[in-house]
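In: quick one, what's the 3D model for this:
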Amino acid sequence: MSTPTPRHFPATRLRRMRRDDFSRRLMRESTLTTGDLILPVFVLEGSQQREAIASMPGVERLSIDLLIEQAREAYALGIPAIALFPVVGGEQKTEFAEEAYNANGLVQRSVRALKEALPELGIITDVALDPYTIHGQDGIIDENGYVLNDRTVDTLLKQALSHAEAGADVVAPSDMMDGRISAIRQVLEQEHLHNVRIMAYSAKYASHYYGPFRDAVGSSANLGKADKRTYQMDPANSDEALHEVAMDLAEGADMVMVKPGMPYLDVVRRVKSELRVPTYAYQVSGEYAMHRAAFDNGWLDADTVILESLMCFKRAGADGILSYFALDAARLLTNTR
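Out: Numbers count the residues shown, from 1 in each chain. Predicted coordinates for the structure are as follows:
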């Protein structure tokens, strides 16, 4: 990279271009649009059911009929896709997570209903076992509580296939097992589901920012004091993320994810700059909860900070952002609030 030509005051006054709105807009390096947003949603059983999530004020678990109403709003605002997360009852949680690949399970029925109501809206499904296991881990465990990689992958590919057969546009493995992208891509090809995309959670860190999400899907109590450090990444590592992303791409991923978001924007930048692939980031539940607490207490202005926080992802190189603020941001961006 060539060295920039030195620029000196007063021949160069950088504030000149900041003087007026028109010149600020003309030199703006990053742009945030509704097309950059993905809305994560939580679905539960029943009809006309909605449940507040105490640790995520303003976010609700919705039954399929109400979820379709929310999806209609998202689509009307220009949001291209939603990411679906199930809330299953305790009676459906087992040691081996069989409900994860039930063709008539909650996710599978939700996908079919959403695609019938809104065929052009992208539907992304979470491929992971934690909502379905009695222990809250993202996979099948041995007698010592260690998550078994290959045994888990066998179940994940069944889950991904069931989602694809239901009509999911994108399956998103968030489990961090080794080799699961290759296994899922192979089964999708075998079943002639060539155009089902894979969004790999390639750099998913063992973060404590996930607490409210685990409350939302009901895995927090099952997990207890256990953690996921034997398969999710160490927050101290950055180079390792590049290895993870490169492996998932080689195995057939179409898109890659960095999670969490704002505390890991350096990783987003490295992935985008060094690998130049479709790169996404997740503004996770803990980030949402912190912002919402500041908004509700009057410590920060919601409208401006929501958009600023999302612009940070774009500046770092993210092609898209999963955010619980997606509806709020889309309303602000389209002046429909």
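In: Glu29: how many residues sit nearby?
Out: 6 (other CB atoms under 10 Å). In short, each C-beta sits where N, CA and C put it, glycine included.
In: quick one: contacts for it?
Out: Arg315 (CB atoms under 8 Å, 6 or more residues apart in numbering).
In: next one: it from Phe85, what distance?
Out: Using CB to CB, to the nearest Å, Glu29 is found at 33 Å from Phe85.
In: now the strands for the stretch 1-150 of the chain?
Out: Assigned strands in the stretch 1-150 of the chain, in chain order: 37-44, 50-52, 60-63, 81-86, 122-127 (criterion: DSSP state E, counting those that start in this stretch).
In: which one of the ones you listed lies closest to Leu106?
Out: strand 81-86 (4.7 Å; CB to CB).
In: contact partners of that closest one?
Out: So strand 81-86 is in contact with 38-44, 71, 74, 105-107, 110-111, 114, 121-126, 131, 169-170, 172, 213, 216-217, 322, going by CB under 8 Å, 6+ apart.
In: and stretch 239-258, by the same measure?
Out: In contact with stretch 239-258 (CB under 8 Å, 6+ apart) are residues 170, 172, 174, 179, 181-182, 184-186, 197-204, 233-234, 264, 267-268, 270-271, 274-275, 277-282, 318-319, 322.
In: helices - which of those land there?
Out: Under the assignment DSSP state H, the contacts of stretch 239-258 contribute Ile181, Ser182, Ile184, Arg185, Gln186, Val267, Val268, Arg270, Val271, Glu274, Leu275 to helices.
In: now which of these would you call buried?
Out: Ile181, Ser182, Ile184, Arg185, Val267, Val268, Arg270, Val271 (16 or more other CB atoms under 10 Å).
In: now do His163, the pLDDT please.
Out: As predicted, His163 sits at a pLDDT of 98.
In: hang on, it packs against Val111?
Out: Yes. At 6.4 Å, His163 counts as touching Val111 under the criterion of CB atoms under 8 Å.
In: who has more neighbours out of those two?
Out: His163 (29 against 25).
In: setting aside sequence neighbours, what's the nearest residue to that one?
Out: Excluding its sequence neighbours, the residue lying closest to His163 (CB to CB, 6 or more residues apart in numbering) is Thr125, at 4.3 Å.
In: what sits against that neighbour?
Out: Thr125 is in contact with Ala83, Leu84, Val107, Val111, His163, Ala168, Val170, Val171, Ala172, counting by CB under 8 Å, 6+ apart.
In: which of those has the most neighbours?
Out: His163 (29 neighbours).
In: quick one: that one is in a helix?
Out: Yes. Judged by DSSP: H, G, I helix; E, B strand; the rest coil, His163 forms part of a helix.
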